[in-house]
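Trainee: Okay, structure incoming, though there's no sequence with it:
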DNA sequence: CCTCCGTGTTGATCCGTGTCAACAAGCAAT
DNA sequence: ATTGCTTGTTGACACGGATCAACACGGAGG
């Protein structure tokens, strides 16, 4: 079967690094394909989508996927690994906006300003599906399901953004963070209660608007209380009910 | 000329309260029409939009426009007045998510959950354009400019959501809040430096994640320092440079 | 006139978390 | 093994803002 890219890449960009096959199997190895299917893309839609996707990466830990101010051309779905998005303010102070797991999409906040308003940095070896945004929004005018999905992604991210906005104690934030991560891992088919924290304590602290020392202390306390087990960056949630009790005002739904 | 609604209201809802005319003048008295034009809607697009718009209101101060859990059917553009959106958590604690001026759009965060995740409460006598969302997203598949606008609105709100997420001092938050309000008033054609705070000190405090007492104190200090003049709810920004200096880490762009 | 009530201001005190500092553990380079 | 660097943990202390409380102001209603 012929190579898709040879005929369909609308931008004439260099060949993607991980083009794993023909129309039928292109997305089969992609962590996002599951999301595509879950989100209601049919086989036909998927074939259309392939025309505007490049598989890019792998990026090594610490590598930038895009940088603040880069012109916005594409959104990135994580295939494997993990990324953080970081806003850098006038004083050079960093502000972690979010962590993105396989199947999740980075770059949506760049649509309005037409430039990426933040850096995206790989936390592990990470691969992406890169969706050309002009092509995708053009496609969205033809395929309502694609448009719906984009609206949902944006609206969903709005919800999680306002999640961290509340003023909550360090314990509440941390409990919510752990449960949220577990939840997201679970929807991707991983264990809900046992996973690795790809990001440093400093990144967690920054994301939760706490000091790194506070993160350490809270995690230590959670361990003593039997809420979690922690070995370095490996976490096991032992008492999800207890954690949920702490987090309910943060996660409220 | 015939009454639009008689023929075009796709939902057969009760007549809008403020239907001010025919195809050519329907939007002329609407605060949002300016936004429509600015956002690149041509005359043709506007005519199409009219088919899915109802003018609703006025709502009196304290009245709910929609409530948490209501099924999502429409987004609301403020025509006149002001609204706040409020999230109520498990303990009944309120959390103000935002204030919306004429020309701004409420309800976008309801797309994903398909229910409004927050209450919308009028702060003054307030009127809206109500956009049926199913109709609007259908229209968006035909008119790329409408789709673009929706994407932009969503992405823009993502940006402002992460604005408040940072950990900032009370002074920084307040300065940023005042400048942001001035900026938004300015884009709607009002004075950038002199306006009325429609919301109570308590609402401001809640929005900024501060105590009402802190808001009082900071505003008092700003007044003493000559940064602003304050008389009850009337505010005049006197030293915008000074305010901007304080706010630059919050507003960073 | 008065009281009542919501809103806003101001003062005194307390608590959670940040900051500073010292130290331990893991890991790469020499 | 040694050095140096990064990451994480733990303790002592300080500070910003929350909390509690008292009070001022203005409008509504008797």
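Mentor: Done, it's in. In this text the structure is predicted, and so the values were computed from the model without any measurement.

Trainee: Residues of chain A that sit close to DNA strand C?
Mentor: Residues of chain A found near DNA strand C (C-beta under 7 Å from any atom of the strand) are A:169, A:170, A:171, A:209, A:210, A:211, A:213, A:214. Just so you know, the C-beta spots here come from the backbone N, C-alpha and C atoms, and that holds for glycine as well.

Trainee: so where does the nearest residue to residue A:212 once chain neighbours are set aside fall, helix or strand?
Mentor: Counting by C-beta to C-beta, 6 or more residues apart in numbering or on different chains, residue A:205 is the residue found nearest to residue A:212 once chain neighbours are left out, at 4.2 Å. For residue A:205, the enclosing helix or strand under DSSP states H and E is helix A:201-208.

Trainee: what about that helix, distance to the chain center?
Mentor: 16 Å (C-alpha atoms, centre = their mean, to the nearest Å).

Trainee: re the thing from before, now, among the residues of chain A next to DNA strand C, which is nearest to residue A:242?
Mentor: residue A:171 (10.8 Å; C-beta to C-beta).

Trainee: which other residues reach the helix or strand hosting that closest one?
Mentor: Mapping residue A:171 onto the secondary structure by DSSP H and E places it in helix A:170-187. Residues lying outside helix A:170-187 but in contact with it, judged by C-beta atoms under 8 Å, 6 or more residues apart in numbering or on different chains, are A:99, A:101, A:103-104, A:163-164, A:168, A:191-193, A:195, A:197, A:204, A:207-210, A:214-215, A:218-219, A:221-222, A:227-228, A:235, A:237, A:240, A:243-244, A:246-247, A:249-251.

Trainee: just to revisit the earlier point, neighbours around the residue nearest to residue A:212, how many?
Mentor: 22 (other C-beta atoms under 10 Å in any protein chain shown).

Trainee: In this structure it contacts residue A:211, no?
Mentor: Yes - using C-beta atoms under 8 Å, residue A:205 is in contact with residue A:211, at 5.8 Å.

Trainee: Please, where are all the helices along chain A?
Mentor: A:4-8, A:31-38, A:43-50, A:133-142, A:144-165, A:170-187, A:201-208, A:212-224, A:240-247 (DSSP state H).

Trainee: of all the residues in chain A, which ones are close to DNA strand D?
Mentor: Residues of chain A lying near DNA strand D (C-beta under 7 Å from any atom of the strand): A:167, A:200-202, A:212-213, A:215-217, A:219-220, A:230, A:232-233.

Trainee: one more time with 10 Å
Mentor: A:61-62, A:167, A:197-205, A:211-221, A:223-224, A:230-233 (C-beta under 10 Å from any atom of the strand).

Trainee: which of those are buried?
Mentor: Buried subset of the residues of chain A next to DNA strand D (neighbour count, 16 or more other C-beta atoms under 10 Å in any protein chain shown): A:197, A:198, A:199, A:201, A:203, A:204, A:205, A:214, A:215, A:218, A:219.

Trainee: I'd like the distance between the fifth one and residue B:93.
Mentor: Right, residue A:203. Relative to residue B:93, residue A:203 is positioned 28 Å away (criterion: C-beta to C-beta, to the nearest Å).

Trainee: How about the fourth one?
Mentor: With distances taken as C-beta to C-beta, residue A:201 is found 29 Å from residue B:93.

Trainee: ok, now the first one?
Mentor: To residue B:93, residue A:197 is 29 Å away according to C-beta to C-beta.

Trainee: rewinding a little: got a pLDDT number for the residue nearest to residue A:212?
Mentor: The confidence metric pLDDT takes the value 96 at residue A:205.

Trainee: ditto for residue A:84
Mentor: Looking at residue A:84, the pLDDT reads 96.

Trainee: Burial check on it, number of neighbours?
Mentor: 23.

Trainee: so it sits right up against residue A:96, yeah?
Mentor: Yes - using C-beta under 8 Å, residue A:84 is in contact with residue A:96, at 5.5 Å.

Trainee: Can you pull the residues that touch both of the two?
Mentor: A:203, A:207.

Trainee: ok, back up a step: buried subset of the contacts of helix A:170-187?
Mentor: Listed as buried from the contacts of helix A:170-187 are A:99, A:101, A:103-104, A:163-164, A:168, A:193, A:195, A:197, A:204, A:207-210, A:214-215, A:218-219, A:222, A:227-228, A:235, A:237, A:240, A:243, A:246-247, A:249-251; burial here means 16+ other C-beta under 10 Å.

Trainee: Kindly state the pLDDT recorded for the residue positioned nearest the centre of chain A?
Mentor: In chain A, the C-alpha nearest the mean C-alpha coordinate belongs to residue A:100, at 2.0 Å (C-alpha atoms, centre = their mean). Residue A:100 carries a pLDDT score of 95 in this model.

Trainee: How about the contacts made by it?
Mentor: Contacts for residue A:100 (C-beta under 8 Å, 6+ apart) come out as A:78, A:82, A:83, A:84, A:85, A:106.

Trainee: Let me know the closest of these to DNA strand D.
Mentor: When those are ranked by distance to DNA strand D (C-beta to the nearest atom of the strand), residue A:84 comes first, at 12.6 Å.

Trainee: Look up which residues are beta-bridged to that closest one.
Mentor: residue A:99, residue A:121 (DSSP bridges).

Trainee: in stretch A:64-79, what counts as buried?
Mentor: A:65, A:66, A:68, A:72, A:73, A:74, A:75, A:76, A:77, A:78, A:79.

Trainee: Identify the residues contacting the third one.
Mentor: Contacts of residue A:68 were listed using C-beta under 8 Å, 6+ apart, and they are A:87, A:88, A:115, A:116, A:117, A:118, A:119.

Trainee: Please verify my assumption that the third one contacts residue A:70.
Mentor: Yes - counting by C-beta under 8 Å, residue A:115 touches residue A:70, with 6.4 Å between them.
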